[in-house]
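K.L.:
Starting from these lines, generate the structure:
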Amino acid sequence: MKKRPYISFAAFYAIKAQLRGWDVPEIHYRICHFMEHRGRKGVLKVFRGAAKSTIVAAYEAWVLRNDPTWLFINRSADDATATKLSADTAANILQHPLCRGMIKGKAGVERFSVEGNPEAARNASCTAYGILSNATSSRANEIINDDTEVPKNIETPMLRQKLRDKLQEEVHILIPGGKILYIGTDHTVDSIYDEKIKAGYESLIIPLFSQSVRHEADGKGRIFEFHFPVTDPLDFYVMINIGQAARVLETGEYELARTETGGMVKLHETLQEGNIIDLATGNAWPSRFDRAEIKFKREECNTFNAWDSQYMLKARPVHNIRLNPDRLIVYEEQPEIVVANNALSMYLNGVQLTGCRAYWDPSKGKADSDDSTFSVMFQDDRGHLYWHILEVQKGEVFEQCDGIIPLVRQYQLPSVMIETNGIGGFLPPILRKALKEARLQCGVTEVNRSQNKTAYILDAYEVPLSGQFLHVHRSVLESGLAQQMNSWIPSRQAQQDDLIDSGAGCIRNLPVKIGKVVHAALPQARNEWRPNMEQYEVEVEY
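P.N.:
Next up, the predicted model:
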């Protein structure tokens, strides 16, 4: 077959757009450039409605025009959506004036081949597979994963892992030197797209607005700041709330004061406390996404997470987060025990701690069981909470007890609460024996829970999160807590919530003020750092 003269993909796409009567926005040329010049591994994240799949179908037609021996596999969440991309690619080839004669006869929608494909009998030029379909016998020079991550296949950690396992198989399908591209928007906090970018994939990310900031109204002021440059007052958007209460203000409904690095907006009205205001600039496609269209999109988004993930390309779950980890106050300091005037005190970043709770929600510590979680939470005299330790204990129960002993010693813990539901019913005497052998003076309290777990968690967290007085050490947040909080849905059964539940145990059992605690008379006394504590001696039989 005679080789066709080279033409850039941007020019190829511009010809298609001209035939269709389209005005090509600048972001489409950015996408075209990325598609043509990217390396072997790429991620394309562009806001919903930006026609990225349309551009990718044209790209496949352009590649096959230049090299008819190239083999594509198109994958999506299911067979039907994967077929759409293959069918669109075939339509581009049949309709584009620079692709005449490439397909003889009618092209199939699930698979088709172009003239010049030497493997047409075994491997089509373009083949569609849903992500869960078996593609192991196929071969490809390039795999396009177009919206493989969707709400129905990332709802639980198990489903997210299943998706990753299927995607992992693709490296074995690729012909040496082949390419992989991921296209889509995030639907969860541990999105496959951000994961690939962190792994070194080349990426192009185009949110609807290049700059934005979010404020919450206090019911008093009307002035809100932003810290990004605004070059055109018409390219500035004031968006209030989400869902049916969503509004997008016209330019006459606010006053805009700009500086080189930011500015402020003064609304003509005072918003009630709790209203959410988004200030934004850098609209990527203003002719298509004008104020009326933006208002419509925000009205149809049920949550801010849906807006943030689908239009601002931030890794968020599309459901409404009931336990929002963004409301946690993260710290990195370690508490310090200070001796002064023959008394011990404990301080964290200059704040005196006046109470604590250690809570153990045990399990067998096996791979197929719930996590055996141990948490330590401190409290100051203002009632602020400091979740400092969150560890998952592994191994047999004696090994788990041995893992807790150093924490009791390091933080001079006055007592440990053990949840006695299930395996926990056997652990209090075992832990007491381990503490005695370690010569540590620490009480062990048994807790039997009967309340519904969902209600128990909500009752524990909602006030501290709403009031923003729950502090967490960075190690606690990065232990997997943030992922569990983002994924947790009150109505869902059988979800991963062991880390959340451990903290709830501390919060629910931590009083506003620590009272007197009875200690066992053991050979080694525990240094008491809590103020206003008296000591008692009690004989205990083990």
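
K.L.:
which residues touch residue 413?
P.N.:
Going by C-beta atoms under 8 Å, 6 or more residues apart in numbering, residue 413 touches 356, 358, 376, 407, 442, 526. Heads up, the C-betas are built off the backbone N, CA and C, glycines and all.

K.L.:
What score does it have for pLDDT?
P.N.:
Per-residue pLDDT puts residue 413 at 92.

K.L.:
Secondary structure of it: a helix, I assume?
P.N.:
No. Assigned with DSSP: H, G, I helix; E, B strand; the rest coil, residue 413 falls outside any helix and is coil.

K.L.:
what's it sitting at in phi/psi?
P.N.:
Main-chain dihedrals, residue 413, degrees, to the nearest 10: phi -70, psi 130.

K.L.:
State the distance from it to residue 444.
P.N.:
11 Å (C-beta to C-beta, to the nearest Å).

K.L.:
Ignoring the adjacent residues along the chain, who's closest to the residue nearest the centre of the chain?
P.N.:
The structure's the chain has its C-alpha centroid closest to residue 189; by C-alpha atoms, centre = their mean the separation is 1.2 Å. Distances taken as C-beta to C-beta, 6 or more residues apart in numbering place residue 486 nearest to residue 189, at 4.3 Å, with adjacent residues excluded.

K.L.:
list the contacts for that neighbour?
P.N.:
188, 189, 316, 317, 321, 325.

K.L.:
Hmm, residue 485 and the second one touching each other?
P.N.:
No. Contact status for residue 189 versus residue 485: not in contact, 9.1 Å apart, counting by C-beta atoms under 8 Å.

K.L.:
The residue lying closest to residue 438 once chain neighbours are set aside: how many residues sit nearby?
P.N.:
Excluding the flanking residues, the one nearest residue 438 by C-beta to C-beta, 6+ apart is residue 405, at 5.0 Å. Neighbours of residue 405 under the rule other C-beta atoms under 10 Å: 16.

K.L.:
Use 522 as the first number from now on
P.N.:
Okay, using 522 as the starting number, the last item reads as residue 926.

K.L.:
give me every residue that touches residue 926.
P.N.:
955, 956, 959, 961.

K.L.:
Checking the last one next. Helix, strand or coil?
P.N.:
Spelled out, that is residue 961. Residue 961 - assigned by three-state DSSP - is coil.

K.L.:
The stretch 522-671 of the chain: helices as residue ranges?
P.N.:
530-541, 547-558, 573-587, 600-616 (DSSP state H, counting those that start in this stretch).

K.L.:
Run the angle between the first one and helix 573-587 for me.
P.N.:
Following axes from the mean of the first three to the mean of the last three C-alpha atoms, to 10 degrees, one obtains 110 degrees for the angle between helix 530-541 and helix 573-587.

K.L.:
what packs against helix 530-541?
P.N.:
helix 547-558, helix 573-587, helix 600-616 (3 or more C-beta pairs under 8 Å, 6 or more residues apart in numbering; DSSP states H and E).

K.L.:
correct me, but residue 854 touches residue 871?
P.N.:
No. With contact defined as C-beta under 8 Å, residue 854 does not reach residue 871; the gap is 9.1 Å.

K.L.:
Who has more neighbours out of those two?
P.N.:
residue 854 (14 against 7).

K.L.:
how close does that one sit to residue 618?
P.N.:
Counting by C-beta to C-beta - residue 854 and residue 618 are separated by 67 Å.

K.L.:
for residue 872, same thing?
P.N.:
Distance from residue 872 to residue 618, by C-beta to C-beta: 72 Å.

K.L.:
again, but for residue 1020
P.N.:
59 Å.

K.L.:
From the rest of the structure, what touches stretch 737-757?
P.N.:
732, 734, 736, 772, 777, 779, 781-798, 800-804, 807.

K.L.:
Pull up the distance across it, start to finish.
P.N.:
Using C-alpha to C-alpha, to the nearest Å, the end-to-end distance of stretch 737-757 comes to 18 Å.

K.L.:
helix or strand for residue 786, which one?
P.N.:
strand 784-788 (DSSP states H and E).

K.L.:
Export the next helix or strand after that strand to PDB, keeping only CA atoms.
P.N.:
With elements assigned by DSSP H and E, the helix or strand that comes after strand 784-788 is strand 797-804. The C-alpha trace of strand 797-804 is given here as PDB (Å, rounded to 0.1, in the frame of the first residue of the first chain):
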ATOM      1  CA  ILE A 797     -20.500  27.700  50.300                       C
ATOM      2  CA  ILE A 798     -19.000  30.100  47.800                       C
ATOM      3  CA  ASP A 799     -16.600  29.100  45.000                       C
ATOM      4  CA  LEU A 800     -14.500  31.800  43.300                       C
ATOM      5  CA  ALA A 801     -12.900  30.800  40.000                       C
ATOM      6  CA  THR A 802     -11.200  32.000  36.900                       C
ATOM      7  CA  GLY A 803      -9.500  30.500  33.800                       C
ATOM      8  CA  ASN A 804     -12.600  28.900  32.100                       C
END
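
K.L.:
Show me what counts as buried in strand 797-804.
P.N.:
Of all the residues in strand 797-804, those buried under the rule 16 or more other C-beta atoms under 10 Å are 797, 798, 799, 800, 801, 802, 803, 804.

K.L.:
For the first one, which residues are in contact?
P.N.:
The one in question is residue 797. Counting by C-beta under 8 Å, 6+ apart, residue 797 has contacts 735, 736, 737, 738, 761, 762, 763, 825.

K.L.:
cutoff 10 Å now
P.N.:
Applying C-beta atoms under 10 Å, 6 or more residues apart in numbering to residue 797 gives the contacts 735, 736, 737, 738, 760, 761, 762, 763, 766, 767, 825.

K.L.:
Show me just the buried residues among the residues you listed.
P.N.:
For the contacts of residue 797, buried by 16+ other C-beta under 10 Å: 736, 738, 760, 761, 762, 763, 767, 825.
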